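A.B. asks: this is a predicted model, with the sequence first.
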Amino acid sequence: MRFMAMQAFIMVKVGQGFSREMTKDILEIDGVAELSELTGDIDMLIKVQATDVEDLSRIVFKIRGVNGVRETDTRMIISTQRK
C-alpha cells in the first residue's frame, strides 16, 4: 500500500465519443478514487489520490490519453472538512 500525500479533482470535458467504455478505462487508472458524471459544461468530476506532484501529473496524462477525453482541468485539494 502506498502513502497518498495529495488529492485532487480533475474536471473532464469529453467529445462526441462519450461511452461507458471511457468511464471504465478511467476507473482502471491507478490513483483514480472515484468518478462522477455531471450535467452542464463539465462532463466528469474525477477524484484522484497521488503520492506527489509527479504522480499527479502521471494520472492526469493517463486520463488525457483516454479516447474521447477532450479537455481536463485539475484542482489540488488543500483542505477537507467533514460533518
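C.D. replies: Received it, and whenever you're ready, just let me know what you need.
A.B. asks: C-alpha from now on. contacts and neighbour counts both.
C.D. replies: OK.
A.B. asks: which other residues reach stretch 53-60?
C.D. replies: Identification of contacts with stretch 53-60 by Cα atoms under 8 Å, 6 or more residues apart in numbering yields 10, 29-32, 48-50, 72, 74.
A.B. asks: wait, K47 sits on I26?
C.D. replies: No. Look at K47 against I26 with Cα atoms under 8 Å: they stay out of range, at 11.1 Å.
A.B. asks: mind naming the longest helix for the protein?
C.D. replies: helix 53-64 (DSSP state H).
A.B. asks: please save the CA atoms from it in PDB.
C.D. replies: C-alpha atoms of helix 53-64 as PDB (Å, rounded to 0.1, in the frame of the first residue of the first chain):
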ATOM      1  CA  VAL A  53       3.100  16.100  -8.000                       C
ATOM      2  CA  GLU A  54       4.900  13.800 -10.400                       C
ATOM      3  CA  ASP A  55       2.400  11.000  -9.600                       C
ATOM      4  CA  LEU A  56      -0.500  13.500 -10.100                       C
ATOM      5  CA  SER A  57       0.900  14.500 -13.500                       C
ATOM      6  CA  ARG A  58       1.100  10.900 -14.500                       C
ATOM      7  CA  ILE A  59      -2.500  10.400 -13.600                       C
ATOM      8  CA  VAL A  60      -3.600  13.500 -15.500                       C
ATOM      9  CA  PHE A  61      -1.800  12.500 -18.600                       C
ATOM     10  CA  LYS A  62      -3.200   9.000 -18.500                       C
ATOM     11  CA  ILE A  63      -6.700  10.500 -18.200                       C
ATOM     12  CA  ARG A  64      -5.900  12.800 -21.200                       C
END
